[in-house]
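Novice: model this:
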Amino acid sequence: MSDTERTKAPEDARPSGQVRQFELGSGPGRVLVWFYGVFTVAAASRSVVEMILDFEKAPLAYMLSALAAVVYGFITYSLVRGGEKARRAALMCCAAELAGVLVVGTWTLVEPSAFPDSTVWSGFGMGYLLIPVILPVTGMIWLRRARTA
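Specialist: Below is the predicted model:
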């Protein structure tokens, strides 16, 4: 099946040896789509409001929140789109997201003065119940499982 085909072929209509493909946003993936969608809106809204009202106060923090929104949005889109290319792109973005959460989370703890205001990833997502550090790990597990299904 190509990336653009979104329907499942019946078992007997599939050529032998072809791996079963399923929608990335189905089953447990639907929960990921929901969380990533909510986080896209939350991070984007937060960064836009903060940039409009008080950008001079903490430009780095607000730009990092905007970057988080872009990453969340791309992962949401990839999960909804489905297909192998989207799965690989989402997997790379989840890895980049996890790296960002770990770097920014550590940075905010080691040098709090660099962040006069928090970001979505500050303190490993403490302001968001640590979901920003849990979500990419869960996403990577789902996306790796999706490859072998």
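Novice: need the three-state assignment for residue 116.
Specialist: Following DSSP: H, G, I helix; E, B strand; the rest coil, we place residue 116 in the coil state.
Novice: any idea how far residue 84 is from residue 90?
Specialist: Residue 84 sits 11 Å away from residue 90, going by CB to CB, to the nearest Å. Placement of C-beta: from N, CA and C, glycine included.
Novice: need the residue closest to the centroid of the chain.
Specialist: Geometric centre of the chain, nearest residue: residue 72, 4.0 Å, by CA atoms, centre = their mean.
Novice: for the strand or helix carrying that one, output the C-alpha coordinates as PDB.
Specialist: Following DSSP states H and E, one finds residue 72 within helix 59-81. The C-alpha trace of helix 59-81 is given here as PDB (Å, rounded to 0.1, in the frame of the first residue of the first chain):
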ATOM      1  CA  PRO A  59      11.700  35.900  24.400                       C
ATOM      2  CA  LEU A  60      13.600  32.600  24.500                       C
ATOM      3  CA  ALA A  61      10.900  30.900  26.600                       C
ATOM      4  CA  TYR A  62       8.100  32.200  24.400                       C
ATOM      5  CA  MET A  63       9.900  31.100  21.200                       C
ATOM      6  CA  LEU A  64      10.500  27.700  22.600                       C
ATOM      7  CA  SER A  65       6.800  27.400  23.400                       C
ATOM      8  CA  ALA A  66       6.000  28.300  19.800                       C
ATOM      9  CA  LEU A  67       8.500  25.700  18.600                       C
ATOM     10  CA  ALA A  68       6.800  23.100  20.800                       C
ATOM     11  CA  ALA A  69       3.500  24.000  19.200                       C
ATOM     12  CA  VAL A  70       5.000  23.500  15.700                       C
ATOM     13  CA  VAL A  71       6.400  20.100  16.700                       C
ATOM     14  CA  TYR A  72       3.100  19.000  18.300                       C
ATOM     15  CA  GLY A  73       1.200  20.200  15.200                       C
ATOM     16  CA  PHE A  74       3.400  18.200  12.900                       C
ATOM     17  CA  ILE A  75       3.200  15.100  14.900                       C
ATOM     18  CA  THR A  76      -0.600  15.400  15.100                       C
ATOM     19  CA  TYR A  77      -0.800  15.900  11.300                       C
ATOM     20  CA  SER A  78       1.500  12.800  10.700                       C
ATOM     21  CA  LEU A  79      -0.600  10.600  13.000                       C
ATOM     22  CA  VAL A  80      -3.800  11.600  11.200                       C
ATOM     23  CA  ARG A  81      -2.200  11.300   7.800                       C
END
